[in-house]
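Colleague: Model the following, please.
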Amino acid sequence: MRTFTSTLLSSILCLSLLSCSKTRKPVEANALPEPPEQEEQVRTEPPRSKAPQPKERKVKKETRLRRNVQEKIALADEVERFAALPEASITPHKNGSLQFMEAAGANIGAVRPDLDHARVVHNTEEYNKIEDNTFLTVATNPLSTFSIDVDAASYANLRRFLNSSQMPYKDAVRIEEMVNYFSYDYKDPRGDHPFSVNTEISRAPWNTKHRLVHIGLQGKKLDYKDLKSSNLVFLVDASGSMQDQNKLPLLKKAFKLLLNNLADDDRVAIVAYAGAAGLVLPSTKAKRKTAILAALDKLQAGGSTAGGAGIQLAYKVAKENFMADGNNRVILATDGDFNVGVSSTSELVRTIEEKRSDGIYLTICGFGMGNYKDGRMESLSNAGNGNYFYIDSIVEAEKVFAKEMRATLFTIAKDVKIQIELNPAVVQAFRLIGYENRMLKSEDFNDDKKDAGELGAGHTVTALYEIIPVGVESEFIRSVDELKYQKQKATSRKATDEIMTVKLRYKRPTEDTSRLITHSLKNQSEKLASTSDNFRFSAAVAQFGMLLRDSEFKGESNYTDVLALAQKSKGDDENGYRAEFIQLVKKAALLSGDEVTKR
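Modeller: Next comes the predicted model:
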């Protein structure tokens, strides 16, 4: 390969010298004379009717020669630059030209995981802009309504940044996904409802004048003795952008982990898309692992990305093999970089929304870096009764596909909404931490046609409200003029022992009518040190997210406090996820230049 490169380089230089020798006035390659002033005039003037004079022909010829020599020298420099790459990264095409491919493990325009201080070059990653939820006064905004969110992609993605010695983009940080990446020790549900409601109140660690309300849902655990069969369609992005080791090769390993955890009667189909979409494997029983693995191993990255066509075909295959009493789901694995056919986010969302009514759920798994389209994939998962993960390593693949996917596949409640009514006699203002892209209108809570998030078996969902009590002066409270035609009704003394009422609506997976749960929260606050590990660890994660986002509401937050709070509330950490979080906090502190002191 070195011989090939050297030969090409020599040929280009010889050709340049040969061209120069044919002129009456040789031109040195490394010291090209400036073209005469009239050169631009000759090139830009309209054609003359009379034939060019000898002097004009000479100028044109010298100009073309200089341009050709410059192009050849630039190409020679490019060849020389790529000659420094490993041999495997320079491959001759059949037509004799060069294809400059990335070295193994590298990705142009992305973070190099094998380097400590890599820089992002030609980065085309996309993230939806996030504006932090602000404080709202209870007098004019007594209700807060939102959809639950069990996605965890943001945490895995920002971990990828920090492990590559880079601070994540602010809009890559979604605090609710950071908090919900971790499971919490909530009480199990009792009675007819598929989840329990758990609440706690204490002071906010980053602002001693404020209080923090912790709301946690615990889904009913999966009964492995009575599992329903699954109809799964693996929708695989096999386009050229998926060739890196952390994309299609990692994707294959991840799907193999899931396959090993499926029951024999589960069914798997594989749809792949590049320039076009195609059925790689028809729906096949999971016990035929050899056939499924063979089809998976044949997938190779190449071509453009017809993601819209792939989605259409995957849903068609899922519907053809629909299990009325089972779990029907499309699992899309991609970097989100669609560029052929239907490729706009809005059109793809409409496509997903049309399929939602068929009872087919969607799970999206993001892979790769550099051209990663986070905003698009989050929008698709929100539209498709689904969830969204980011797979940055084989360890995360094991967490998602081996340890948690069986429970994720089985939805126990859909369209889960939460509405909080705050007591104006106790609460002056409030804000929901995170969930910015999950906010709903007050009237959406009772509208059963309004889509919301799904809860899988055994999953937990956590939400945090920051409260400004009545009587506390705060820079975050923005006043409005008193209303002329509406007067606030006085709150009865009896109600002042409550700080809020938590209402939840959900539907069972096969039903279209929602059910209501109501939970009143007493105005009782514990000392921070006396709260549960659930409260303190979730508060540490939220505080870390505000630091990464440089939120205006971070108050007195610092990495030392986050670290101390997380270490004291690590609790039972069987899989080491919380210990890993603590290490990420230390890395972020080092990258930001903040000194962490022991407490």
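Colleague: State the number of residues packed around the closest residue to residue 550 other than its chain neighbours.
Modeller: Sequence neighbours aside, residue 170 is the residue nearest to residue 550 in space, at 6.6 Å (criterion: C-beta to C-beta, 6 or more residues apart in numbering). Every C-beta, even on glycine, is put in place using the N, C-alpha and C of the backbone. Number of residues near residue 170 (other C-beta atoms under 10 Å) recorded here: 14.
Colleague: show me the residues around residue 170 that make contact.
Modeller: 130, 548-550 (C-beta atoms under 8 Å, 6 or more residues apart in numbering).
Colleague: Residue 429 too?
Modeller: Contact analysis of residue 429 by C-beta under 8 Å, 6+ apart lists 135-138, 467-468, 474, 476-477.
Colleague: Which of those residues fall within strands?
Modeller: 136-137, 467-468 (DSSP state E).
Colleague: Report the contact partners of the nearest residue to residue 558 once chain neighbours are set aside.
Modeller: What sits nearest to residue 558 in space, not counting adjacent residues and going by C-beta to C-beta, 6+ apart, is residue 594, at 6.7 Å. Residue 594 makes contact with 558-560 under the criterion C-beta under 8 Å, 6+ apart.
Colleague: ok, now how distant is residue 594 from residue 586?
Modeller: Taking C-beta to C-beta, to the nearest Å as the measure, residue 594 falls 10 Å from residue 586.
Colleague: thinking again about what came up before, of the contacts of residue 170, keep whichever come out buried.
Modeller: 130, 548-549 (16 or more other C-beta atoms under 10 Å).
Colleague: on that earlier part again, can you add secondary structure, pLDDT and distance to residue 183 and give the contacts of residue 594 back as JSON lines?
Modeller: Below are the contacts of residue 594 laid out as JSON lines (DSSP: H, G, I helix; E, B strand; the rest coil; pLDDT from 0 to 100; distance: C-beta to C-beta, whole Å):
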{"residue": "558", "secondary structure": "coil", "pLDDT": "96", "distance to residue 183": "27"}
{"residue": "559", "secondary structure": "helix", "pLDDT": "97", "distance to residue 183": "24"}
{"residue": "560", "secondary structure": "helix", "pLDDT": "96", "distance to residue 183": "26"}
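Colleague: which residues does the closest residue to residue 334 other than its chain neighbours bridge with?
Modeller: Distances taken as C-beta to C-beta, 6+ apart put residue 237 closest to residue 334, at 3.6 Å, once the chain neighbours are dropped. Here residue 237 shows beta-bridge partners residue 273, assigned using DSSP bridges.
Colleague: Please apply the same query to residue 218.
Modeller: residue 196, residue 460.
Colleague: and the helix or strand encompassing residue 270, average pLDDT?
Modeller: Residue 270 belongs to strand 267-273 when elements are defined using DSSP states H and E. Summarised as a single mean, pLDDT over strand 267-273 is 95.
Colleague: for the stretch 451-599 of the chain, which spans come out with low pLDDT?
Modeller: Residue ranges of the stretch 451-599 of the chain with pLDDT under 70: 488-495, 599.
Colleague: quick one, helices of it?
Modeller: 533-549, 559-568, 577-592 (DSSP state H, counting those that start in this stretch).
Colleague: Can you mark which positions in the second one are buried?
Modeller: Going back to what we said before, that points to helix 559-568. Across helix 559-568, burial judged by 16+ other C-beta under 10 Å covers 559-567.
Colleague: Nearest to the spatial middle of this protein, which residue is it?
Modeller: Centroid-nearest residue in the chain, with C-alpha atoms, centre = their mean: residue 374, separated by 3.9 Å.
Colleague: For residue 156, see how far away that residue is.
Modeller: Taking C-beta to C-beta as the measure, residue 374 falls 11 Å from residue 156.
Colleague: Now for those two: what residues contact both?
Modeller: By the contact definition C-beta under 8 Å, 6+ apart, residue 374 and residue 156 are jointly contacted by residue 390.
Colleague: And the contacts of residue 170, which is closest to residue 416?
Modeller: Distance to residue 416, by C-beta to C-beta, is smallest for residue 130 among the contacts of residue 170, at 21.8 Å.
Colleague: got the buried residues for the very next helix or strand once past the strand holding residue 270?
Modeller: Remark: after strand 267-273, the chain's next helix or strand is strand 277-285, criterion DSSP H and E. In terms of neighbour count (16+ other C-beta under 10 Å), strand 277-285 has its buried residues at 277, 279-281, 283-285.
Colleague: So what touches strand 277-285?
Modeller: Strand 277-285 is contacted from outside by 231, 233, 236, 264-272, 291-292, 295-296, 298-299, 306, 309-310, 312-313, 317, 320-321, using C-beta under 8 Å, 6+ apart.
Colleague: May I see the ChimeraX selection of the buried members of these?
Modeller: Command for ChimeraX, covering only those of the contacts of strand 277-285 found buried under the criterion 16+ other C-beta under 10 Å:
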select :231,233,236,266,267,268,269,270,271,272,292,295,296,299,306,309,310,312,313,317,321
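Colleague: buried set for the helix or strand encompassing residue 146?
Modeller: Residue 146 belongs to strand 143-147 when assigned by DSSP H and E. Using 16+ other C-beta under 10 Å as the test for burial, strand 143-147 gives 144-147.
Colleague: now swap in stretch 511-521 and tell me
Modeller: Across stretch 511-521, burial judged by 16+ other C-beta under 10 Å covers 514, 521.
Colleague: Could you pull up the residues touching residue 203?
Modeller: Contacts of residue 203 by C-beta under 8 Å, 6+ apart are 210-212, 525, 527-528.
Colleague: if you set the cut-off to 10 Å instead, what comes out?
Modeller: 209-212, 467, 525-528, 531, 539 (C-beta atoms under 10 Å, 6 or more residues apart in numbering).
Colleague: Start and end of stretch 437-451, how far apart?
Modeller: Across stretch 437-451, the terminal residues are separated by 13 Å (C-alpha to C-alpha, to the nearest Å).
Colleague: what about the helices in the stretch 251-400 of the chain?
Modeller: Using DSSP H, counting those that start in this stretch, the helices of the stretch 251-400 of the chain run over residues 289-297, 307-320, 345-356, 374-383, 394-397.
Colleague: Give me the average confidence score over the very next helix or strand once past the last one.
Modeller: Yep, that's helix 394-397 we're talking about. Moving toward the C-terminus from helix 394-397, the next helix or strand (DSSP H and E) is helix 405-409. Averaged across helix 405-409, pLDDT comes to 85.
Colleague: Does anything pack onto helix 405-409? Which helices or strands?
Modeller: On a contact count with 3 or more C-beta pairs under 10 Å, 6 or more residues apart in numbering; DSSP states H and E, helix 405-409 meets strand 230-237, helix 248-259, strand 327-334, strand 361-367, strand 386-391, strand 453-456.
Colleague: I'd like the next helix or strand past that helix.
Modeller: For helix 405-409, the following helix or strand on the C-terminal side (DSSP H and E) is strand 411-422.
Colleague: what about that next one, distance to the chain center?
Modeller: Distance, stretch centre to chain centre, for strand 411-422: 23 Å (C-alpha atoms, centre = their mean, to the nearest Å).
Colleague: Output stretch 405-412 as CSV, restricted to C-alpha atoms.
Modeller: Provided in CSV are the C-alpha atoms of stretch 405-412 (Å, rounded to 0.1, in the frame of the first residue of the first chain):
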residue,chain,number,x,y,z
MET,A,405,-35.3,-5.1,27.6
ARG,A,406,-37.5,-7.9,28.6
ALA,A,407,-39.3,-5.6,31.0
THR,A,408,-39.2,-2.7,28.6
LEU,A,409,-40.9,-4.8,25.9
PHE,A,410,-44.0,-5.2,28.1
THR,A,411,-46.0,-2.0,28.6
ILE,A,412,-48.1,-2.0,31.7
